[in-house]
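> Dropping a prediction and its sequence here:
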Protein chains: 2
Amino acid sequence: MSQRQPLPITANLAQKPVRTTLKTLANHLELSPTTVSFVISGSPFAETIAKSTRERIWAAAEKLNYRPNVFARYLHTKRTYSVAVLVPDVGDEYSAALIGGIESCLTKKGFFYFVVSHRGAPDLLRMSPDTLLDRGVEGMIFINTPLNRALPVPIVAICDITEGPGITRIKIDNGKAATLAVDHLLKLGHREIAVIKGPQGNGDTDDRWKQLCKACAKHGIKIHPENTVHLGIYPACNEKTMAENGYTAAQKLLARKRAFTALVAFNDASAIGAIRALSDAGLRVPDDVSVIGFDDIPQSSFTVPRLTTIRQPLSSMGELAANTLLEKISGNYGGPKLLKIQPQLVVRETTAVCHQPPLNLIAGKSAARSR
Amino acid sequence: MSQRQPLPITANLAQKPVRTTLKTLANHLELSPTTVSFVISGSPFAETIAKSTRERIWAAAEKLNYRPNVFARYLHTKRTYSVAVLVPDVGDEYSAALIGGIESCLTKKGFFYFVVSHRGAPDLLRMSPDTLLDRGVEGMIFINTPLNRALPVPIVAICDITEGPGITRIKIDNGKAATLAVDHLLKLGHREIAVIKGPQGNGDTDDRWKQLCKACAKHGIKIHPENTVHLGIYPACNEKTMAENGYTAAQKLLARKRAFTALVAFNDASAIGAIRALSDAGLRVPDDVSVIGFDDIPQSSFTVPRLTTIRQPLSSMGELAANTLLEKISGNYGGPKLLKIQPQLVVRETTAVCHQPPLNLIAGKSAARSR
DNA sequence: GTTGTCGAGAAAAACGTTTTAGTTGCCCTG
DNA sequence: CAGGGCAACTAAAACGTTTTTCTCGACAAC
């Protein structure tokens, strides 16, 4: 990396204004740096300084616009009041919503955060924790990001591909979520359910799929292998948007010509893509196929038709993650290793009563679909 | 802020592993810290150290896993290789897309970044630049964020509510964008055009509106005041999603009962909300009303019907912003003060030929709409 | 009148680097 | 054989704080 060049000749940027240092301030006050440091840093020794002197110091600090140098301070305190957030991609709405929640908590507590989007890149994944540690982060939040070693700072993970000692995990209760989705669909009369699984490598993919099967099995329903697709493999699938992946996934499903009357998508974005694919194939949602998503992203209540979905309270989950991390950092965390978040069924317009002929007639419908 | 407590009794976190320092490394090598520093930091003086010694040093650094303390180093170099990104809200897709582009550039160059979402809060807006400066950021990117003073670091602004000396601005060519939108609509035969203006306080709102009027005027068309609404006022409008704001904006428009056959929305998210409101009012898009958005967010190509929009290359704009900032930081920026980005018309399915009766008959239609 | 204590503050070391200004030994030159 | 020049390294100051240890005077106690 090149050394800093003299700055451009833009008048006001030509030379940096000198920051007031502790020494300057002390000289100006005719006090020792020690004394000034005591009061400015809020050290317990500040008590031993006369009240009048303390006031003089604060006044002068204000006047000279003194701002302590965070880096010099770090050398002693080892504190940075910053954390890191590791995420597959800042850009997608799932991560963005979580980060929003995280930030709102951190800001309240005076913490800053670095974001690293690894986009599945193995070297970033390997090196990021260390470079972040170099920058003094006091903890990390792993969103859907793998890890398999110990780190010298507290960690909170959203999803369970993050492994290492002492991790606190926050995840949606996929069992409950699956039950909610499946029961809703069954109650509407659906029996042939197709599933768009998440991308391979995503923390929720396997668990959610397993729970979906379990919820179906409870009612004697099986999801036919031909009626399942996945959204791709990390990191390749990251090059396309979720909606795009959902679109092609639904197309694959249709190409198989095996009938289904309901579709459970891995998340709302892929559900939106899938609905588009169904429409393009001449199928109506929900008349021909019911579709249910996961997440409840902001758009979901405004699509045409409005998306039925299993809501994850992403913003609250982010806040909880940040709060938990901060408690762990201060050593006050007494909660469990796993925090399960309860999802919620939001019925809107993409699911409806199944009007399809009973199972044995479905072959005909399936053929009709192939036009 | 409380002092760091002894960490919880989680076996592996109980005591932090000691990091190798320069002194330890030097002792181990039986060399002076100076020598080791020269070669590790890539100082020009490293040349004066025997090649064999240099290799010994690197080997030992590797073996002892030496990682220079960034904070100690800062005291001399004044460099942090970090910047700040200020944004109304990390969560919305516009900002998220820009940040994605910014990050991808920064990561390539080894820079880290802090994000601050101000959500329009005046005190955050006022104090953030200083706290960020305290943390040593070498530059800042203001996305749709106001400023009105000089800062001692280079600034790149996306949108023009950011003011101060020496700022480099990146913005979409709203003139071109407006022409693209208006010409497309006029060519389809639309004459009564409604507009959902951006939120008051957004950097593009006024410019885009003015350009829209201008583009219409060129063809002798006037946008009737009754056919305009805005998306709210910062920061209040931030409490709802853009889609939601778009929904209520469109409802207001309909309530006025003044006919329009085409609607230009401030962005895609509000367009999606508006389309929902039109549907709810029994109007078909595009048969009854054509709708055109701005941005081209990922969902736009998958909505039903697919959204016609004016694309802003958000990710590239983010990359450009980061690149420009980095050049300014290194003092190599020779480009202009304003970089205008060319938008692009993406015709999809929400715009169609105007089938409405000519102007003088429109009153009837308007009445029909009011059911 | 020595000792102790207390209030108010300061000197100096420490944190982990970079940087400036040397030092040391060796060879070469005249 | 004094001196200059060079290669290879080092001592010490500096960066801007915090923290530990110390000083100094006043006053009280015995």
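Yes, it's here. Residues are numbered from 1 along each chain as shown, chains lettered A, B, ... in the order given.
> now the strands for the stretch 51-200 of chain A?
A:82-87, A:112-117, A:140-143, A:147-148, A:155-158, A:162-163, A:168-172, A:193-197 (DSSP state E, counting those that start in this stretch).
> The next helix or strand along the chain from the last one relative to strand A:193-197, how many degrees between them?
Counting by DSSP states H and E, the next helix or strand C-terminal to strand A:193-197 is helix A:205-217. Angular relation of helix A:205-217 and strand A:193-197 on a 0 to 180 degree scale: 170 degrees, by axes from the mean of the first three to the mean of the last three CA atoms, to 10 degrees.
> for the record, mean pLDDT for helix A:205-217?
The pLDDT scores in helix A:205-217 average 96.
> Which elements pack onto that helix?
Here helix A:205-217 touches helix A:174-187, strand A:193-197, going by 3 or more CB pairs under 8 Å, 6 or more residues apart in numbering or on different chains; DSSP states H and E. For every residue, glycine as well, the C-beta is placed using N, CA and C.
> tilt between that helix and strand A:168-172?
40 degrees.
> Show me which residues of the helix or strand that helix A:205-217 is followed by are buried.
Once helix A:205-217 ends, the next helix or strand along the chain (criterion: DSSP H and E) is strand A:228-230. Neighbour counts over strand A:228-230 (16 or more other CB atoms under 10 Å in any protein chain shown) mark A:228-230 as buried.
> Over to stretch A:32-46?
A:35-40, A:46.
> and if you look at stretch A:151-170?
For stretch A:151-170, by 16+ other CB under 10 Å, it's A:151, A:153-162, A:166-170.
> From these, which one has the minimum pLDDT?
Among the buried residues of stretch A:151-170, residue A:160 has the lowest pLDDT, at 81.
> pretty sure that one is touching residue A:207, no?
Yes. Using CB atoms under 8 Å, residue A:160 is in contact with residue A:207, at 7.2 Å.
> related to what we said a few turns ago, need the buried residues of stretch A:32-46 in JSON lines with secondary structure, can you?
Compiled in JSON lines, the buried residues of stretch A:32-46 are given as follows (DSSP: H, G, I helix; E, B strand; the rest coil):
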{"residue": "A:35", "secondary structure": "helix"}
{"residue": "A:36", "secondary structure": "helix"}
{"residue": "A:37", "secondary structure": "helix"}
{"residue": "A:38", "secondary structure": "helix"}
{"residue": "A:39", "secondary structure": "helix"}
{"residue": "A:40", "secondary structure": "helix"}
{"residue": "A:46", "secondary structure": "helix"}
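> which among those gets closest to DNA strand D?
Distance to DNA strand D, by CB to the nearest atom of the strand, is smallest for residue A:37 among those, at 3.2 Å.
> How confident is the prediction for residue A:233, by pLDDT?
For residue A:233, the model assigns a pLDDT of 86.
> just to revisit the earlier point, which one among the buried residues of stretch A:32-46 gets closest to residue A:139?
Residue A:139 has its nearest neighbour among the buried residues of stretch A:32-46 in residue A:40, at 26.3 Å by CB to CB.
> give the contact list for that closest one.
Neighbouring residues of residue A:40 by CB atoms under 8 Å, 6 or more residues apart in numbering or on different chains: A:22, A:57, A:61, A:66, A:68.
> any idea how far chain B is from the first one?
In this case it means residue A:22. For residue A:22, the distance to chain B (CB to the nearest CB, to the nearest Å) stands at 13 Å.
> What residues does chain A have near DNA strand D?
A:19, A:21-23, A:33-34, A:37-38, A:40-41, A:43, A:45, A:66-69, A:72-73, A:75-77 (CB under 7 Å from any atom of the strand).
> any idea how far residue A:282 lies from residue A:207?
34 Å (CB to CB, to the nearest Å).
> Then residue A:109?
31 Å.
> Comparing the two, which residue is more hemmed in?
Applying other CB atoms under 10 Å in any protein chain shown to residue A:109 and residue A:207 shows that residue A:207 carries more neighbours, namely 20 against 13.
> Apart from its neighbours in sequence, what residue is nearest the more buried one?
Closest residue in space to residue A:207, ignoring its immediate chain neighbours: residue A:174 at 4.7 Å, by CB to CB, 6 or more residues apart in numbering or on different chains.
> ditto for residue A:35
residue A:49 (6.0 Å).
> Make sure the one you found is actually in contact with residue A:39.
Yes. Using CB under 8 Å, residue A:49 is in contact with residue A:39, at 5.7 Å.
> overlap in contacts of the two?
Contacts common to residue A:49 and residue A:39, judged by CB under 8 Å, 6+ apart, are residue A:57.
> returning to what we had before: from the residues of chain A next to DNA strand D, which land in helices?
Residues of these located in helices (DSSP state H): A:22-23, A:33-34, A:37-38, A:40, A:72-73, A:75-77.
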